[in-house]
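Student: Need the 3D shape of this:
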Amino acid sequence: MYRSKAASRCGPLLPTATHCYNIRVRAEYALAAIALFGPLARAQSMLRGSIRDSQDRPAAAATIYLRIETSEQILTAHTDSEGSYRFSALREGTYSLRVETSGFGQAAFGPFVLGPKEMKRVDLTLESAFFDEPEFIVAGVTQATNGGVHGSDTVWRSTEALTKATASLSSDPHQRDEKLGDALEAVREYQRAAELHASESNLFDWGAELLAHRAAEPAIEVFTRGNRLFPRSARMLLGLAVACYARGSYDHAARYFFEASDLNPSDSRPYMFLGKVQSVEITQSEGFLERLARFARLQPDNAWANYYYAVTLWKQRKDPDDSQTPAQVQSLLEKAVGLDPNLGAAYLHLGILYSDRKDFPNAISAYRKGIEVSSRPEEAAEAEEAHYRLAQAYRQTGEELNAQKELEIYSRLSKKSAAEVERERSEIQQFVFALRDRTPPRP
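Tutor: Below is the predicted model of the structure:
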C-alpha cells in the first residue's frame, strides 16, 4: 500500500525508476526513525523552577542534577543570575532532582513522576551549609613552643615537612598581611573570609594558616568541617590528615591520608604526602604499602613514585634472609635515579642497601653520589645522614682518615641544621585561643 502511493506521487514528477527508488528508501528511513524515536519526539515534557538560599536570595550558578530513574542517566543544568533553571524535551518517566552549590548548601527532591507533555515546576530552598561558627577565637600570639606537635625528632621533622607541603596547596599561601609579619591579622582575615563565604578555598586557607602556626586542634576543627562540606576535596583531606598527624592521632591521620589517595588514584599529591610520613604507626599500617605500590604502578616514570615504593618495601621487609625484596628495592632505586639523576635520597638508600650486603665499595660510591647531588635546602637531612653513613663505610674498609673527615663534616652540618631549625621555630608565632563569647548582648 505504501509503495503504490509513493510510486503514484513520484510518477509524474520523477519518471525514472532510480528516483522513485530513492524517495521510497528515504520514506522508509523516516518511518523507521519515527518508530525508534517517536516516544521522545512526541513527549515534549518540561521541568523548570528556581533555587533560592536560606535567606530567600536567588542561588546563581547552582548545579542541578536530574536523574532518570529508569535508565540511571543524569542530566545537568545551571541556574542563571535569578536562580532559575530549565530542562526541556524530557520524556515521561520517574525522576529525582539534586542541587549543589559551593558554600551555600544543597537540596534534593524526588523521586517524582513526569507525565507526557507535562510542564512541571519545582522550586527548592537550599539547606544552610554555611560554616558553623567555631567555638574558638584567636585572641593573640605568643612565642613558639612544641605547640601540640607530638612524636620524636624524626616525626617532628616530618611534621614540619608535611605542614609546609600543606601550605603549598593553598590558593594564597600566606600572601596577605603575614607578609608584613602580622600573623594575627592574617589568620583573622582568613577566618572572616571563611565565615562570610564558606568556599572550599577559604576554608582550606584558614585551616592551613592555623596549621602553619602549630594550632593543630583548631586546624582539625576547621578541616573537619571543610571535609563535611567538600568531601571530594583531596587537599581538605590532606590538611585534616596532617593536622591529626601533628596532634599525634596517627590512626585518624592514616585514614585521611588513605582516603585522599583513593579519591583520585592518578593524583600524585596524596602519595607525596604519604612518602614524607615517618610515624611507624602509619608506615607499618595495613594499606600503606599497597597505596605506594599503586603510585609506582600508575606512574612508572615518576622518580618519586619508584623511590617511595622502594623505601616502603625496605622498611616493611620481615625476613632478614629474604633476597627477593632487596633485589626489587635495588631495581626501583636504580630506576628512580635513572629518571632523576639528582634524587639524592635514592642514592642514600642505595648506599644503605649495599652496606646491608657488606658491599662497602659500592656503598661508598652511592653515598658520595648522594652527597654530590643533594644541594637543595630540603635535602639537608639526607646529606647529613649520607656523611655519617659514609664515615661508617670508610671505617669498614680501614680508611680511618676519610672516616674522621666525614664525621667532622657530619657534626658541622648537624649543628648548623639544628640551629637553623631552632631559628625557624622561634620565628613562628603561635596563636593563643579563647572560647567565643556566647553571652547574648544586653539590651
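
Student: which residues of the stretch 1-150 of the chain score low on pLDDT?
Tutor: 1-43, 54-55, 72, 102-105, 127-137, 139-141, 143-150 (pLDDT under 70).

Student: all strands for it, in order.
Tutor: Taking DSSP state E, counting those that start in this stretch as the criterion, the stretch 1-150 of the chain carries its strands at 45-52, 63-68, 73-78, 84-90, 93-101, 105-114, 119-121, 124-125, 136-142.

Student: which strands and helices sit next to the third one?
Tutor: Counting contacts by 3 or more CB pairs under 8 Å, 6 or more residues apart in numbering; DSSP states H and E, the secondary-structure elements packed against strand 73-78 are strand 63-68, strand 84-90. All C-beta spots, glycine's among them, are computed from the backbone N, C-alpha and C.

Student: out of those, nearest to Arg232?
Tutor: strand 63-68 (12.9 Å; CB to CB).

Student: quick revisit: can the strands of the stretch 1-150 of the chain go into CSV with extra columns for distance to Cys244 and mean neighbour count?
Tutor: Below are the strands of the stretch 1-150 of the chain laid out as CSV (distance: least, CB to CB, whole Å; neighbours: other CB atoms under 10 Å):
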stretch, distance to Cys244, mean neighbour count
strand 45-52, 36, 19
strand 63-68, 31, 18
strand 73-78, 35, 12
strand 84-90, 40, 16
strand 93-101, 27, 18
strand 105-114, 26, 16
strand 119-121, 46, 12
strand 124-125, 35, 18
strand 136-142, 18, 15
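
Student: ok, back up a step: can you tell me which of the helices and strands packed on strand 73-78 is nearest to Ile371?
Tutor: strand 63-68 (53.4 Å).

Student: In its sheet, which strands sit next to the closest one, and in what direction?
Tutor: strand 73-78 (antiparallel), strand 93-101 (antiparallel) (DSSP bridges).

Student: For my notes, please list those in JSON lines and give distance to Phe295 for each entry.
Tutor: Output for these, formatted as JSON lines (distance: least, CB to CB, whole Å):
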{"stretch": "strand 73-78", "distance to Phe295": "31"}
{"stretch": "strand 93-101", "distance to Phe295": "30"}
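
Student: so which of the ones you listed gets nearest Asp262?
Tutor: strand 93-101 (21.4 Å).

Student: Quick one: residues in contact with the closest one.
Tutor: 47, 51, 59, 61-70, 106-114, 122, 124, 126 (CB atoms under 8 Å, 6 or more residues apart in numbering).

Student: how deep is Ser268 tucked in, by neighbour count?
Tutor: 16 (other CB atoms under 10 Å).

Student: Tell me if Ala241 really is in a strand.
Tutor: No. Counting by DSSP: H, G, I helix; E, B strand; the rest coil, Ala241 is not found in a strand; it is helix.

Student: Can you tell me how far it is from Ala260?
Tutor: Ala241 is 7 Å from Ala260, where distance means CB to CB, to the nearest Å.

Student: can you check Lys405 too?
Tutor: Separation of Lys405 from Ala260 (CB to CB): 44 Å.

Student: Which one's more surrounded, those two?
Tutor: Ala260 (26 against 15).

Student: Run the chain-centre distance for the host helix or strand of the more buried one.
Tutor: Assessed by DSSP states H and E, Ala260 sits inside helix 250-263. Distance of helix 250-263 from the chain centroid (CA atoms, centre = their mean, to the nearest Å) equals 11 Å.

Student: How about stretch 319-328?
Tutor: 33 Å.

Student: what does stretch 109-117 give?
Tutor: For stretch 109-117, the distance to the chain centre is 37 Å (CA atoms, centre = their mean).

Student: Just the C-alphas of it, formatted as CSV.
Tutor: The C-alpha atoms that make up stretch 109-117 are tabulated as CSV, following Å, rounded to 0.1, in the frame of the first residue of the first chain:
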residue,chain,number,x,y,z
PHE,A,109,13.6,16.5,45.6
GLY,A,110,12.0,13.2,44.4
PRO,A,111,11.6,10.7,43.1
PHE,A,112,8.7,12.2,41.2
VAL,A,113,6.7,11.3,38.0
LEU,A,114,6.7,13.5,34.9
GLY,A,115,3.8,12.7,32.6
PRO,A,116,3.7,13.1,28.8
LYS,A,117,3.7,16.7,27.7
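
Student: Run through who's touching it.
Tutor: For stretch 109-117, using CB under 8 Å, 6+ apart, the contacting residues are 42-45, 47, 67, 69, 90, 92-98, 120, 122, 124.

Student: Repeat the analysis, applying 10 Å as the threshold.
Tutor: Applying CB atoms under 10 Å, 6 or more residues apart in numbering, the contact partners of stretch 109-117 are 39, 42-47, 49, 66-69, 87, 90-99, 120, 122-124.

Student: Please, which helix or strand holds Ser375?
Tutor: Ser375 belongs to no helix or strand, assigned by DSSP H and E.

Student: picking up where we left off before, could you dump the strands of the stretch 1-150 of the chain into CSV and include distance to Tyr307?
Tutor: As requested, the strands of the stretch 1-150 of the chain are arranged in CSV below (distance: least, CB to CB, whole Å):
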stretch, distance to Tyr307
strand 45-52, 49
strand 63-68, 40
strand 73-78, 41
strand 84-90, 49
strand 93-101, 39
strand 105-114, 41
strand 119-121, 58
strand 124-125, 50
strand 136-142, 38
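
Student: And those: which comes nearest Leu298?
Tutor: Nearest of the strands of the stretch 1-150 of the chain (CB to CB): strand 73-78, 27.3 Å.

Student: Provide a list of residues in contact with Thr312.
Tutor: Residues in contact with Thr312, defined by CB under 10 Å, 6+ apart, are 274-275, 277, 283-284, 288-293, 295-296, 329, 332.

Student: Mind giving me the PyMOL select for those, buried ones only?
Tutor: The command below creates a PyMOL selection of those among those that count as buried (16 or more other CB atoms under 10 Å):
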select buried, resi 274+275+277+283+288+289+291+292+295+296+329+332
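
Student: Let me see the backbone angles for the spatially most central residue of the chain.
Tutor: Central residue of the chain (CA atoms, centre = their mean): Ala234, 2.4 Å from the mean position. When read as degrees, to the nearest 10, the backbone of Ala234 gives phi -70, psi -40.

Student: and what of Asp80?
Tutor: phi -90, psi -170.

Student: Hmm, it is touching Ile64, no?
Tutor: No. Contact criterion CB atoms under 10 Å: Asp80 and Ile64 do not qualify, at 11.3 Å.

Student: and the helix or strand where Tyr309 lies, how far out from the chain's middle?
Tutor: Per DSSP H and E: Tyr309 is located in helix 303-315. Between the centre of helix 303-315 and the centre of its chain there are 20 Å (CA atoms, centre = their mean).
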